[in-house]
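Undergrad: Sequence and predicted structure, then a few things I'm wondering about:
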Amino acid sequence: MEVVLVCFLLSTLHKLPYELEIAMLALVSLVCIYGTFASLINCIFSQRVLPMGPPLIKEKMNLEISPELPCPVASSRLSSGLLKIAGLLEEGGVCGIPTDTVYALAASCKNPQAIEKIYNIKDRPAEKPICICISSVEQLVAAKPPFSPLLWEFMRNVYPGGISCIVSKGNWLFKLGVGAAYDRVGTKDSIMIRVPDHTVTCHLCDITGPLAITSANPSGEPDSTHHSMVINRLGHKIQGVLCDGDSNEVVASTVVNCLRIDEGIITIVREGCVPAVKVQQIFERLKNTML
């Protein structure tokens, strides 16, 4: 390149013989063609296949260190991430997890102390019960709860999805895997069950067993619809966050009271992502078919 620059200078001063000027232009052309071809090949193969010199203009490297996160985080796209959060839950931690609606705080149903932590983290009123999350209706079938055919059919039509059903509590919960937290989930006589339509959440429940969950937000504040919201609002109080990007919904699940379903009555306790009208339509269709 030094020779080329000298030739350009001599050409500008009209001191360069015509033959050398032609040779210089040919050399510059070859260099340009090689540079273009090498850049294209290296870009296609994402590695340096053809050698090139260092860039003339170097970008200034950003050496700023990102602020330390307030709690461990894991990617939902990696099996190692899922196992990391499962391990924290098994150890009695509280973690933020994605669901098919909004982000939730989760604790193992084997650990009542972890469920107590959720109440403290959220400043949740003690009289508000916490529901449980399982991976499939088949888990319920294996626990053999004494549900009526109409309730079973209703559950099979709304699970998995953004609907939570309140049903009667019983010893069948121990077979489901609720364990020592039996008295800390639901009320004395009832329990709310979620079966999310979310592969990651269901895999997590398969690893840990039933999880006690509630929305991942301080009580009275809007739901968290991205893992960054969970980290920023509650990261300093919890043991981990399973990161999955934007949530599928902006509101929580629709809660349906099924305690009187055998009388032909269901009650919408909270209208969430599934419209109350749609829930009633499903129930009326099943009721007319079975009763």
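TA: Done, it's in.
Undergrad: all helices of the chain, in order?
TA: 2-12, 18-45, 79-90, 112-122, 137-143, 149-158, 172-176, 199-208, 227-234, 276-290 (DSSP state H).
Undergrad: can the ones you listed go into TSV with extra columns for mean neighbour count and distance to Cys131?
TA: Glycine gets a C-beta too; all of them are placed from N, C-alpha and C. Formatted as TSV, the helices of the chain follow (neighbours: other CB atoms under 10 Å; distance: least, CB to CB, whole Å):
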stretch	mean neighbour count	distance to Cys131
helix 2-12	12	75
helix 18-45	12	52
helix 79-90	18	16
helix 112-122	19	11
helix 137-143	16	14
helix 149-158	18	14
helix 172-176	17	12
helix 199-208	20	13
helix 227-234	20	18
helix 276-290	14	17
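Undergrad: for these, which one sits closest to Val269?
TA: helix 276-290 (10.1 Å; CB to CB).
Undergrad: quick one: that closest one to chain centroid distance?
TA: Once both centres are worked out by CA atoms, centre = their mean, to the nearest Å, helix 276-290 turns out to sit 31 Å from its chain's centre.
Undergrad: looking only at pLDDT, what's the mean for that helix?
TA: When pLDDT is averaged along helix 276-290, the result is 94.
Undergrad: Next: stretch 223-230.
TA: 97.
Undergrad: will you turn the helices of the chain into JSON lines that also has distance to Val250?
TA: Output for the helices of the chain, formatted as JSON lines (distance: least, CB to CB, whole Å):
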{"stretch": "helix 2-12", "distance to Val250": "61"}
{"stretch": "helix 18-45", "distance to Val250": "40"}
{"stretch": "helix 79-90", "distance to Val250": "23"}
{"stretch": "helix 112-122", "distance to Val250": "19"}
{"stretch": "helix 137-143", "distance to Val250": "26"}
{"stretch": "helix 149-158", "distance to Val250": "20"}
{"stretch": "helix 172-176", "distance to Val250": "30"}
{"stretch": "helix 199-208", "distance to Val250": "17"}
{"stretch": "helix 227-234", "distance to Val250": "12"}
{"stretch": "helix 276-290", "distance to Val250": "17"}
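Undergrad: pLDDT weak spots in this structure?
TA: Scanning the chain for pLDDT under 70 picks out 1-16, 18-21, 24, 28, 40-67, 291.
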